[in-house]
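Participant: Generate coordinates for the sequence data below:
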Amino acid sequence: MTSVAYAGLWIFVFAVPWERLVVLPGLSIVTRVTGALALGLTLLAIVVSGRVRRWRVFHTAAFLFVLWTGFAVWMIEMPGIPQKYYTFVQLFLVLWMIWELAVSQKRQRGLLAAYVLGCCVPALATIMLYVRQGGALKRFSAGGADANSLGMTLALAVPIAWYLSLTTQHPLRRWMYRAYLPLGMFATVLTGSRGAMIALMVALLIIPVTLSLSPGRLAAAIGLLALTGALLVAYVPEKIVERLSTTGASVESLSLGGRFMLWRAGVNAFAHKPMMGYGVGGFKRAITPELGDQALVAHNSFLSVLVEEGIVGLFLYLTMLLSVFFSVLRFPRLERRFGLVLMATLGVAMLPLTWEDQKAVWFIMAALIGMSSLQFVGATVAVSPPPTRRAVPAGRVRVAAGPER
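Facilitator: Residues are numbered from 1 along each chain as shown. Prediction:
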């Protein structure tokens, strides 16, 4: 029964990157259906097995964070429960399902593979959009999804794909994961997202920090990067190149696409309600007195949590991230480098976007925490040398000794 529940969870993770391609008005129907299916199967599997795993600090902090967001909504007496709060509840259930079901190295890597394969869907769809409407659009994003969010989602899969290519024993799977690098990088650049470009540069650090592992992998990495560079030079539209080239000027001028104005207003609003905040989903309402019709979402995950959930909420959210970070530091060499690069990419993605309630963020945190409980195959194992045989003098009988206790 656990295997069936895990299959439902795998399908859910696979659907996360392309949930925006199949939607009803205001509703990502694919992840709703697959998530409900996975949850039902997980509950049934736990009832059958009668076992529940003990939580880590990460899970406790996540649970308290969700409780605090609900408590803040009740204390502030908001007119209704925001949809964002229900999203937090659902995300915590995803964390819990991953912890309960992905209990082996094979299952953890299977979920990571599901995310990479899922990213191939919007990446291919974005490239097809470029092929069909290359001259009509300035930026390309499959399914009408936010280009910045899609670019970050695709960039996060780059270190995962490279790590999977290093750890699989199947040549076909190895090259399949490697093939995501040119595919994902090309689609990420087509989104025209400057933040995603920076996140992609951080994600690509996974290659140099693991190149010492094998000369063959070095050759594969050089070949893939050369192929990707050729694709970008040959096919990326000039208007996207011009947009990406303004990244440095945007940082120097402190405009950041209008984000600096929002951040300053958010800090001013936080000063008025530092403990409880303005309630989940309340950032726009908090800065409206200062910015009026220009009020938007925070475009910074940490500032959004601070303004909406106050100091307590930010403390719990950072506790989640820090517990993942300290767990990664105890990984074996390859997994530690992979985890650190993936967390750095995630941090860069969360800085310019309101991503604290994104499924990709919570999945990556849950996957890394799940890896912390595994015994990795391929780690160095001390092997005792075989016992040396001694000559037995004539006339003596040698008796085999039993194992030491």
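Participant: Leaving out the residues flanking it, which one is nearest to residue 273?
Facilitator: Spatial nearest neighbour of residue 273, excluding adjacent residues (CB to CB, 6 or more residues apart in numbering): residue 310 at 6.7 Å. To be clear about C-beta, it is placed using only N, CA and C from the backbone, and glycine gets the same treatment.
Participant: Tell me who's in contact with that neighbour.
Facilitator: Applying CB atoms under 8 Å, 6 or more residues apart in numbering to residue 310 gives the contacts 72, 270, 273-277.
Participant: By neighbours, which of those residues wins?
Facilitator: residue 277 (27 neighbours; other CB atoms under 10 Å).
Participant: quick revisit: which positions within the helix or strand hosting the residue nearest to residue 273 qualify as buried?
Facilitator: Residue 310 belongs to helix 301-328 when elements are defined using DSSP states H and E. Neighbour counts over helix 301-328 (16 or more other CB atoms under 10 Å) mark 301-310, 312-321, 323-325, 327-328 as buried.
Participant: what's the burial count for the residue lying closest to residue 325 once chain neighbours are set aside?
Facilitator: Take residue 325 and drop its neighbours on the chain: the residue closest to it by CB to CB, 6+ apart is residue 343, 6.2 Å away. Using other CB under 10 Å, residue 343 has 19 other residues around it.
Participant: Quick check: residue 343 touching residue 322?
Facilitator: No: judged on CB atoms under 8 Å, residue 343 makes no contact with residue 322 at a distance of 10.4 Å.
Participant: Helices of the stretch 201-350 of the chain, residue ranges please.
Facilitator: 215-235, 238-244, 247-252, 259-270, 283-291, 301-328, 333-350 (DSSP state H, counting those that start in this stretch).
Participant: List just the one of these that sits closest to residue 194.
Facilitator: Comparing those against residue 194 with CB to CB, the closest turns out to be helix 247-252 (4.4 Å).
Participant: got a list of what residue 221 touches?
Facilitator: 207, 211.
Participant: Could you rerun that using 10 Å?
Facilitator: For residue 221, the contact set (CB atoms under 10 Å, 6 or more residues apart in numbering) comprises 162, 165, 178, 181, 204, 206-208, 210-211, 214.
Participant: Please apply the same query to residue 54.
Facilitator: residue 99.
Participant: Tell me how far residue 229 lies from residue 4.
Facilitator: To residue 4, residue 229 is 44 Å away according to CB to CB, to the nearest Å.
Participant: So, low pLDDT: which residues of the stretch 1-150 of the chain?
Facilitator: Residues of the stretch 1-150 of the chain meeting the criterion pLDDT under 70: 22-28, 77-78, 134-137.
Participant: Tell me if I'm right that residue 16 and residue 367 touch.
Facilitator: No: if you go by CB atoms under 10 Å, residue 16 and residue 367 don't touch, sitting 11.6 Å apart.
Participant: Show me whatever sits in contact with both of these two.
Facilitator: Going by CB under 10 Å, 6+ apart, residues that sit against residue 16 and also against residue 367 are residue 115.
Participant: Name the residue closest to the centre of the chain, please.
Facilitator: Taking CA atoms, centre = their mean, the centroid of the chain lies closest to residue 364, which sits 3.4 Å from it.
Participant: and that one, what element?
Facilitator: helix 359-371.
Participant: what do you get for residue 199?
Facilitator: helix 194-203.
Participant: Let me see the contact set for residue 148.
Facilitator: By CB under 10 Å, 6+ apart, residue 148 lies in contact with 139, 141, 191-196, 199, 257, 299, 349, 352-353, 355.
Participant: Residue 100: which of these is nearest?
Facilitator: Ranked by distance to residue 100 (CB to CB), these are led by residue 355 at 24.9 Å.
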